[in-house]
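Asks: take a look and give me a structure for this.
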Amino acid sequence: MTEIRYSKGKNFKLEISGHCGFSLDGKDIVCSAVSILVETLVNRLEDLPESQFKKPIKIEKTAGQLYIKASPKSEINEQIEHWFDLIVYGLKLVAYNYPDYVKFI
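Replies: Numbers count the residues shown, from 1 in each chain. Modelled structure (predicted):
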């Protein structure tokens, strides 16, 4: 089961832990969906200059774990919020369609 936590305010935080377990490694379409959504966000955030953030973006990836924390400056806060919300919307669609494998907590 993959568990997802999302919070926003002064900071945007996304934490994903666990393995979906829908199928074997390399054939798990649920895991693939979660991964591509999250990697899209990570890559987009990493494309921005550090000067756009109050603190450096924190991205921690390990097997079965991902943690993102971003503290954007006010000039780009709305844009970053939109990116996070869009990715979280996609993750919620995956959780809705595969509730035995992905959940928000």
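Asks: going forward, measure contacts and count neighbours with C-alpha atoms only.
Replies: Fine.
Asks: centroid residue for this structure?
Replies: residue 38 (4.3 Å; CA atoms, centre = their mean).
Asks: now do the contacts for residue 59.
Replies: Residue 59 makes contact with 42, 66, 67, 68, 69, according to CA atoms under 8 Å, 6 or more residues apart in numbering.
Asks: confidence score at residue 43?
Replies: pLDDT, residue 43: 96.
Asks: with residue 10 instead?
Replies: 87.
Asks: strands of the chain, residue ranges please.
Replies: Taking DSSP state E to define them, one finds strands in the chain at 2-8, 12-17, 58-62, 65-70, 102-104.
Asks: return the most buried member of the ones you listed.
Replies: strand 102-104 (a mean of 21; mean count of other CA atoms under 10 Å).
Asks: which residues sit against that one?
Replies: With CA under 8 Å, 6+ apart, strand 102-104 has contacts from 1, 2, 3, 4, 5, 20, 92, 94, 95.
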